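Enquirer: just a sequence and a predicted model for now, questions to come.
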Amino acid sequence: MKYIPRIAAVFWILLVVAAAAGSPASAAMPVSNVQTITKWDMLWDGVPEEGSIPEPPPDKEEWEPVGSNEMAGNKPPGSSSAWIRMVLPQLAAETPAILLENIYGKHVIIYKDGIIVYESFQSYNYEQNKILLPLDREDSGKRLYIWADSRLERLGISGGVIVGEQRDLLGIMIRKDVFDIILGSSFILIALTLAICSIFLYKPNRSVMLSLSAVILSVGLLIVIYPPFLFTFYREYAELYLLLFDMALFLLPPSLALFFEQILGKILYIRRFRKWLTFYSIACFVLMIVNWLTMDRYYQLYYWISVILFGLQLMVLLILLMVASLKRAWKGDRDAIILSVGCACFAALSVSELLWFYIRQGHYNLFLWKWGVVGFVISLASILARRLAENHRQVVQYSQELEMFNNELQRSEKMEIISDLAASVAHEVRNPLQVTRGFLQLISGKEEGKNKDYLQIALEELDRASNIITDFLTFAKPEFEHTKVLHIDEEFRHIEGIISPMANLQGGKITMDIPEGLATKGNSSKFKQAFINIIKNSIEALGDEGQIHIRAYRSGDEVYIHIRDNGEGMDAQTLTRLGEPYFSNKTKGTGLGMMVTFRIIEAMDGRITFTSAKGIGTEATVRFPAASSNSAPES
């Protein structure tokens, strides 16, 4: 749990930095002498011979005008390449250059004055190019001819064509993709951190966190690799980038479905679709390896299976997850509500962009999905944090309950041992005591003087021992021979008559607020014994002008009896030990009184609790099952 705030803090810091780096304001910083070319011409060409260098076509050919917000039509049959020509504007910069933000083509050649000034051939299957070409001031008004060859349907310029100062264009070139690099790297770092932290979690939470880290890791890799930044500046590792991109793409749907399944529960159609996606991802991975080993011999088949079909299945998965989360959210599931918001953000942007991507037959750069991913990942992380916090709360609660149950078990074992011992000893001791008392009573009648006083003291001590034995037997066998409906107000009137003289001797006062009609079932003498013990303890704790207030009421199916005094009170440690065998805070106390009281109340299906504060007083709260005052006595 302690790692979650740190992860969240790192996550938000990285996102803020990424947003600052990739915000429109930073991407469109004002630069001097920047011009945008919005129109050019395009001419389809045939399939080039291997190793041949094409020559710029004559101007008399039928060129097709194309704008910056347009893409050329589909390739005509037998064509795999195209020519683009554009007129350079007046170049006023000191070191002018032209920036082609995105041009599709596996093989790209740029001509100026009939001479090749730029050539790029990509041996890997990535056809996005970002080109910064230096110019001279004398190139103002000249034509640039760009030839591009591609095995895919998309071909030509997609994005802006900017002319200006070279250093300014270089900043724009880098700034366009730096947001993706920072954002994707942030996701990768967070995924690795979550994976490491999952080691310290128990199995159910570990599975949830690992599936979430797989989702975030795959998303981070997709965001980092998708823009042309790495392929432009670190081209030597291009094949590795493509392999990582495809593996991240194959990992995303199954791990996403697994995470939803663990959060929302086992939903049958999601579970089946997740198994299918796992199988399909493995098949795509095998096909990727085969295509890589055979030098792209099966690239068209691999592209169709891993891009077209896989993208459609991803759309279906997002829709299914959205439906499932909405159903749970409708039922009030908080995790599902958070998930629905994040999923709606992600699914709406991703599905709409994928549809537009297919409608334009691949002539579209996906970018909105990244913002959907940010919202979605935040919702997933929020759910995981909530789940961990809830589990932590439950662990704390279970620990407290376990400690309470352990204390109850120990107390119960002690009580059982003492009960057996008390029952066996009390019966054996009581008879000799009674015989001894009888003989002493006979002798005391014939004695005079000091001997008679000594015999009287002996009789009193024998009576005290007999009372202790009676308490032992009551504790050992609290079952009642006769039970009946006890009217609480009548029972406490008898108790008040017995205990009031003792309270008066201590200078205390007893007040009662017990309405008529309150009743419970039990044994009258045992009921009185239990409450006399409680009230006696309160009297002994009183100081000068002490007061004991007794009140009773009914709440639901229970009768509540409160006995409150303003005596010396008890500390927390003493309070927790009340009712333990032979525990007493009195000098001559045995602890049997409270043991018997607890035992009697438990035998009547009641419960007793104490609240106390040192120097303020103590309150005992006893609850019994309520009974109808008209119920017949039971035996």
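Expert: Yes, it's here. Residues are numbered from 1 along each chain as shown.

Enquirer: grab the nearest non-local neighbour of I443.
Expert: Counting by CB to CB, 6 or more residues apart in numbering, L455 is the residue found nearest to I443 once chain neighbours are left out, at 6.2 Å. From N, CA and C alone the C-beta is placed, and that goes for glycine too.

Enquirer: neighbours around the one you found, how many?
Expert: Residue neighbour count, defined by other CB atoms under 10 Å, stands at 18 for L455.

Enquirer: shaky segments in the stretch 351-500 of the chain?
Expert: Across the stretch 351-500 of the chain, the ranges flagged by pLDDT under 70 are 354, 357-367, 369, 411-412, 414-428, 430, 449-450, 464, 467-468, 470-482.

Enquirer: what ranges do the helices span in it?
Expert: Remark: helices assigned in the stretch 351-500 of the chain by DSSP state H, counting those that start in this stretch are 369-446, 450-476, 488-505.

Enquirer: over to the stretch 101-250 of the chain?
Expert: Using DSSP H, counting those that start in this stretch, the helices of the stretch 101-250 of the chain run over 166-197, 203-225, 229-233, 238-264.

Enquirer: domains in the chain, as residue ranges please.
Expert: What automatic domain parsing lists as the domains of the chain is 19-47+58-173, 197-397, 399-476, 484-625.

Enquirer: would you turn these into a markdown table with distance to S186?
Expert: Shown next, in a markdown table, are those (distance: least, CB to CB, whole Å):
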| stretch | distance to S186 |
| --- | --- |
| domain 19-47+58-173 | 10 |
| domain 197-397 | 7 |
| domain 399-476 | 36 |
| domain 484-625 | 49 |
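
Enquirer: ranking those by mean pLDDT, which is last?
Expert: Comparing mean pLDDT across the domains of the chain, the weakest is domain 399-476, with a mean of 71.

Enquirer: measure S140 to A92 for me?
Expert: As judged by CB to CB, to the nearest Å, S140 and A92 stand 8 Å apart.

Enquirer: hmm, back to that, what's the closest of the domains of the chain to F187?
Expert: Closest to F187 of the domains of the chain is domain 197-397 (CB to CB; 3.0 Å).

Enquirer: start to end distance for the closest one?
Expert: 23 Å (CA to CA, to the nearest Å).

Enquirer: grab the nearest non-local neighbour of K509.
Expert: In space, K509 comes closest to Q547 once its chain neighbours are excluded; the distance is 5.1 Å by CB to CB, 6+ apart.

Enquirer: shouldn't the one you found be in contact with Q506?
Expert: No - if you go by CB atoms under 8 Å, Q547 and Q506 don't touch, sitting 11.2 Å apart.

Enquirer: next one: L402 from V395, what distance?
Expert: 10 Å.

Enquirer: actually E101, not the one I typed
Expert: Counting by CB to CB - E101 and V395 are separated by 53 Å.

Enquirer: show me which of the two is the more surrounded one.
Expert: Remark: of E101 and V395, E101 carries more neighbours, 22 against 12, as counted by other CB under 10 Å.

Enquirer: got the contact list for the more buried one?
Expert: Counting by CB atoms under 8 Å, 6 or more residues apart in numbering, E101 touches 130, 159-162, 173, 176.

Enquirer: widest-spaced pair of those residues?
Expert: Greatest spatial distance in the contacts of E101: V161 and K176, 13.6 Å, computed using CB to CB.

Enquirer: got the phi and psi for S140?
Expert: phi -60, psi 130 (degrees, to the nearest 10).

Enquirer: and the residue nearest to K509, how many neighbours?
Expert: Q547 has 16 nearby residues by other CB under 10 Å.

Enquirer: could you do the one 3 residues further on as well?
Expert: Residues within reach of I550, counting by other CB under 10 Å, total 22.

Enquirer: so L368 makes contact with L349?
Expert: Yes - at 4.6 Å, L368 counts as touching L349 under the criterion of CB under 8 Å.

Enquirer: ok so, going back, okay, the helices of the stretch 351-500 of the chain in a markdown table with distance to L249 next?
Expert: Converted to a markdown table, the helices of the stretch 351-500 of the chain look like this (distance: least, CB to CB, whole Å):
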| stretch | distance to L249 |
| --- | --- |
| helix 369-446 | 13 |
| helix 450-476 | 74 |
| helix 488-505 | 75 |
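
Enquirer: G569: which of these is closest?
Expert: Nearest of those to G569, taken as CB to CB: helix 488-505 at 17.9 Å.

Enquirer: and that closest one, what's buried?
Expert: Buried residues in helix 488-505, defined by neighbour count with 16 or more other CB atoms under 10 Å: 488, 491-492, 495-496, 499, 503.

Enquirer: next SSE after that helix?
Expert: strand 509-513 (DSSP states H and E).

Enquirer: and N566, what is it in contact with?
Expert: 542, 546-547, 616-617.

Enquirer: N102 too?
Expert: Neighbour list for N102: 128-130, 157-159, 228, 365 [criterion: CB under 8 Å, 6+ apart].

Enquirer: got a winner among these for most neighbours?
Expert: I157 (25 neighbours).

Enquirer: need the contact list for that one.
Expert: Contacts of I157 by CB under 8 Å, 6+ apart are 40, 66, 68, 84, 100, 102-104, 146.

Enquirer: that one pairs with what?
Expert: I103 (DSSP bridges).

Enquirer: how far does stretch 292-307 sit from the chain's center?
Expert: On the basis of CA atoms, centre = their mean, to the nearest Å, stretch 292-307 sits 40 Å off its chain's mean C-alpha point.
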